[in-house]
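> fold the stuff below for me.
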Amino acid sequence: MDFDLVIKNGTIVTAVNTFTADIGINGETIAAVGQGLAGARVLEAAGKLVTPGAVDIHVHLQMPIGNVVSTDDFYTGTVAAAFGGTTTIIDFVETQPDETMAAAIAARRALADPRVVVDYGLHMTITPADMGKLAQVPAAFAAGCTTFKLYMAYGHRLDDGQLLRALTAVRHVGGLPVVHAENWDVILTLIADNLAHGRTTPHWHPRSRPALLEAEATGRIIDLAVFVGVPIHIFHVSCGAAAARIAAARERGWPVTGETCPQYLFLTQDVYDRPGDEGALPVCSPPIRESREQDALWAALSRGDLQLITTDHCPFTRAEKAANLADYSRIPGGVPSIEMRFAAIYSQGVRSGLLTPSQWVDLCCTAPARLAGLEKKGHIAPGYDADLVIFDPDTPFTLTAQSLHETANWTPYEGLTLHGRVQTTIVRGQIVVTDGELQAAAGYGRYCHRQQRKPQP
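Numbering: from 1, shown residues only. Predicted coordinates:
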C-alpha cells in the first residue's frame, strides 16, 4: 500500500520508547508505523529523530495588557512556533464587560482563524468581573474551551471565595482550572515598600515576589481544589518549593499537575541587574530566580514532579519594556520563548543527561496534549493527527534576535548555542516548515474543539 507521505528510517521518539521505523501518512492522519513503507512522497530521516509535534498550552498572542499588546500576533506567533517544532498552541480569551463567554470565544476565533499557521485552542479566563457569568461556563465548554484560567495575582486576581465559586463551576462541567499562583497581597505590600524607599529598578522585581509565597499560593489553590473535588494545573512554576507542593499533593493521589518554562530553566535573576533597558527585558511573573531554583526545577522535571514544559510566551517590544524603568512594577511582564523551547530542552536536558529522550517528548508533546484534552495530538500511532517533527540532534544553532522568527526583535537567550535543531515541522500531514523555509499559508491552522472529562455533580 502506498501512502500520501512517508517519513523513512527515522529514529522515532515517543513518551514511551525509541525505535527505528517508517511513518505512513494519509491525508491528515498517521496511517501506519512500520518497516518498508512506500509513499507518493518520501522524506528521508536517517540519522534524525522523529517526534510528535510539540504542544505548547500556555502562550499569549495579541494579548492586551493596559495600553500595550504582546508583539506576536496569531500569524507571527504561530510561524515562530512552527519553526520551533510546535504544532499546537493554546492561547487565552477574556470577556468584555457586556460580552458572554461564548461570544468572547467567537470573537477571539475571528482574530485567530484566518491567521494561524499551526493548530490552536483557547483557555477561558475567569476574572472578578465574570463572577456573575459563571452560569455561562457550560456554554464555554460546549464551544470547545474546556480549560479555565484563574489568576491569584494582578487585576484579574480572584480572592479565595471567588476561587471557590469558580472552581465549583468548572468542576460541574468536567473542565480543568489552570492557575497563576502567587500571593498578590504580599506582592503589593513589598512593591509599595520598595518604591517608598527608592528601590525602583528591575533588581527588585524578584525580591517583591518571594519563592516561599509562590509555594504558599500553590498549596492554597491545591487545597481549595481538593476541597471542591476538581483537578488543578499550576502554570509557570518558578521555584523548587512550589514544585514540592505539587509533588506532595500527587503523592497523596490528588489530581494536580504543574509546568515550568524555559526562562526559569535557562536564566537566573542576575538578568535583572543588566544595565539600562536590558534589565527590564526579562521581567516576567513569577520572576526568574536564583540558580539554585533553576537546579531544583531541572531535578523536579527529571523526577516527574513537574509534568509539562510550556513557554508563557508573551513578548513586548524593547521600547514598551523600557517605558517604565523608573518603576519596575509597571514594566509589562513576559518574555519570548515559543520558538526555542523544543530544541532548547533537548539540548540542555537530553544531551546533558538530565532527561531521557522520552521524557523530553512527554514534557513538550504528549503530557501537554493529554492534559489539555487534545486527544489526537502528542503521540505517534495510527489514528493520531500527522503532527510530526524531524529533528537533527547534532546541528548547532545559536539563538539571536535575527535567527528567530518572533517579532519582539530581542531574545533573553541571545548568544545561547543549542545542539539540535528542528529540520521539518508537519501539521496534519502538511509540511509547514522545512530546511528553514515556511511552506504553509496563514489560516492553515485549525481551531481544536476540545472535549474532556465527564461533568461532575
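
> okay, now the unreliable bits of this structure?
By pLDDT under 70, the low-scoring segments of the chain are 452-457.

> thinking Glu28 is in contact with Arg428, fair?
Yes. Look at Glu28 against Arg428 with C-beta atoms under 8 Å: they come within range, at 3.8 Å. Bear in mind the C-beta positions are built from the backbone N, C-alpha and C, glycine included.

> which one's more surrounded, these two?
Set Glu28 next to Arg428 and count neighbours by other C-beta atoms under 10 Å: Arg428 wins out with 22 against 15.

> contacts only, for that one.
Arg428 is in contact with Glu28, Thr29, Asp119, Asp385, Ala386, Asp387, Arg446, counting by C-beta atoms under 8 Å, 6 or more residues apart in numbering.

> are any of the residues you listed buried, and which?
Neighbour-count burial (16 or more other C-beta atoms under 10 Å) applied to the contacts of Arg428 gives Thr29, Asp119, Asp385, Ala386, Asp387, Arg446.

> which ones among these are found in strands?
The strands, defined by DSSP state E, take in Thr29, Asp119 from those.

> longest helix in the chain, please.
The residue-count maximum for a helix in the chain (DSSP state H) belongs to helix 211-228.

> partners of whatever helix or strand comes next after that one, with directions?
Using DSSP states H and E, the helix or strand that follows helix 211-228 in sequence is strand 232-234. Strands that pair with strand 232-234, judged by DSSP bridges, come out as strand 176-180 (parallel), strand 256-260 (parallel).

> could you dump those to CSV with distance to Ala103 and mean neighbour count?
Converted to CSV, the strands paired with strand 232-234 look like this (distance: least, C-beta to C-beta, whole Å; neighbours: other C-beta atoms under 10 Å):
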stretch, distance to Ala103, mean neighbour count
strand 176-180, 22, 24
strand 256-260, 29, 25
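
> go through those strands and name the closest to His197.
Nearest to His197, of all the strands paired with strand 232-234, is strand 176-180, at 27.4 Å by C-beta to C-beta.

> between helix 211-228 and that closest one, find me the angle.
Put simply, strand 176-180 runs at 160 degrees to helix 211-228, going by axes from the mean of the first three to the mean of the last three C-alpha atoms, to 10 degrees.

> what about strand 176-180, distance to the chain center?
Chain-centre distance of strand 176-180: 13 Å, with C-alpha atoms, centre = their mean, to the nearest Å.

> quick one: buried residues of the following helix or strand past that strand?
For strand 176-180, the following helix or strand on the C-terminal side (DSSP H and E) is helix 184-196. Neighbour-count burial for helix 184-196, counted by 16+ other C-beta under 10 Å, picks out Trp184, Val186, Ile187, Leu190, Ile191, Asn194, Leu195.

> on that earlier part again, now the contacts of Arg428 in TSV, with distance to Arg171?
Listed next are the contacts of Arg428 as TSV, based on distance: C-beta to C-beta, whole Å:
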residue	distance to Arg171
Glu28	34
Thr29	33
Asp119	27
Asp385	29
Ala386	35
Asp387	30
Arg446	29
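
> correct me if wrong: Gly240 contacts Ala296.
Yes. In this structure, Gly240 is within contact of Ala296 by C-beta under 8 Å, at 2.9 Å.

> about what we covered before: turn the strands paired with strand 232-234 into JSON lines, including distance to Met101.
Listed next are the strands paired with strand 232-234 as JSON lines, based on distance: least, C-beta to C-beta, whole Å:
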{"stretch": "strand 176-180", "distance to Met101": "15"}
{"stretch": "strand 256-260", "distance to Met101": "24"}
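
> now Gly383: how far from Ala107?
Distance of Gly383 to Ala107, computed by C-beta to C-beta, to the nearest Å: 33 Å.

> count of residues packed around the closest residue in space to Thr86 that isn't next to it in sequence?
Closest residue to Thr86 apart from its sequence neighbours, by C-beta to C-beta, 6 or more residues apart in numbering: Ala54 at 4.3 Å. When neighbours are counted by other C-beta under 10 Å, Ala54 registers 33.

> the helix or strand containing Leu418 pairs with which strands, parallel or anti?
Secondary structure assignment for Leu418, by DSSP H and E: strand 417-427. When sheet partners are counted by DSSP bridges, strand 417-427 sits next to strand 388-398 (antiparallel), strand 430-434 (antiparallel).

> ok, and for it, which residues are buried?
Across strand 417-427, burial judged by 16+ other C-beta under 10 Å covers Leu418, His419, Gly420, Arg421, Val422, Gln423, Thr424, Thr425, Ile426, Val427.

> equivalent analysis for stretch 299-308, please.
For stretch 299-308, the neighbour count (16+ other C-beta under 10 Å) marks Ala300, Leu301, Asp305, Leu306, Gln307, Leu308 as buried.

> the helices in this protein, which residues?
With DSSP H as the criterion, the chain has helices at 74-83, 101-112, 137-142, 160-173, 184-196, 211-228, 240-251, 262-266, 291-303, 318-322, 341-345, 357-361, 367-372.

> nearest to Phe397, of the ones you listed?
Nearest to Phe397, of those and by C-beta to C-beta, is helix 341-345 at 6.6 Å.
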